[in-house]
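Chemist: Let me see the structure of the following:
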Amino acid sequence: MKENVIRDKSYAFALLIIKVYKKLAAEKEFVLSKQLLRSGTSIGANIEEATGAISKKEYVAKLQISYKEARETLFWINLLYDSEYLEKSDAEILKTACEELIRIIAAILKSSKK
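Modeler: Prediction:
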């Protein structure tokens, strides 16, 4: 199968999100961590849907959803860190990966809209 950097990176990010969710759930934090889990895994799910889009319009729409989900995920990462649920090392890893996804998706959207 052809290499797809954004699909691979978003899948790896979803796995990181799941690991952090498990850690937070073990500490009995369910509300904020569930929000992180939903938005963080949704990024890759929508990228996967975009990959199978039947039109350019559908492709762009799914990528726009991924972009919004990535922005939301960044919010939850920051909130969990600032409220002292996430350790600095976990927050930095997630934040760096999420910001990279945001930049890549934004670049794809920019070039797709031309």
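
Chemist: Which helix in the protein has the most residues?
Modeler: helix 56-82 (DSSP state H).

Chemist: Now do that one: distance to the chain's middle.
Modeler: 6 Å (Cα atoms, centre = their mean, to the nearest Å).

Chemist: pLDDT below threshold where in this protein?
Modeler: Filtered on pLDDT under 70, the chain yields the residue ranges 1.

Chemist: Now do the helices in it.
Modeler: 5-26, 31-51, 56-82, 88-112.

Chemist: give me the number of residues near the closest residue to residue 12 other than its chain neighbours?
Modeler: Once flanking residues are discounted, residue 12 sits nearest to residue 97: 7.7 Å by Cβ to Cβ, 6 or more residues apart in numbering. From N, CA and C alone the C-beta is placed, and that goes for glycine too. By other Cβ atoms under 10 Å, the residues close to residue 97 number 20.

Chemist: Then residue 111?
Modeler: Close neighbours of residue 111, defined as other Cβ under 10 Å, add up to 8.

Chemist: now swap in residue 99 and tell me
Modeler: The local packing of residue 99 (other Cβ under 10 Å) involves 13 other residues.

Chemist: Please apply the same query to the one 10 residues further on.
Modeler: The local packing of residue 109 (other Cβ under 10 Å) involves 15 other residues.

Chemist: give the contact list for it.
Modeler: Applying Cβ atoms under 8 Å, 6 or more residues apart in numbering to residue 109 gives the contacts 60, 63-64, 67.

Chemist: mind putting those in a markdown table, distance to residue 89 included?
Modeler: Formatted as a markdown table, these follow (distance: Cβ to Cβ, whole Å):
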| residue | distance to residue 89 |
| --- | --- |
| 60 | 36 |
| 63 | 30 |
| 64 | 31 |
| 67 | 26 |
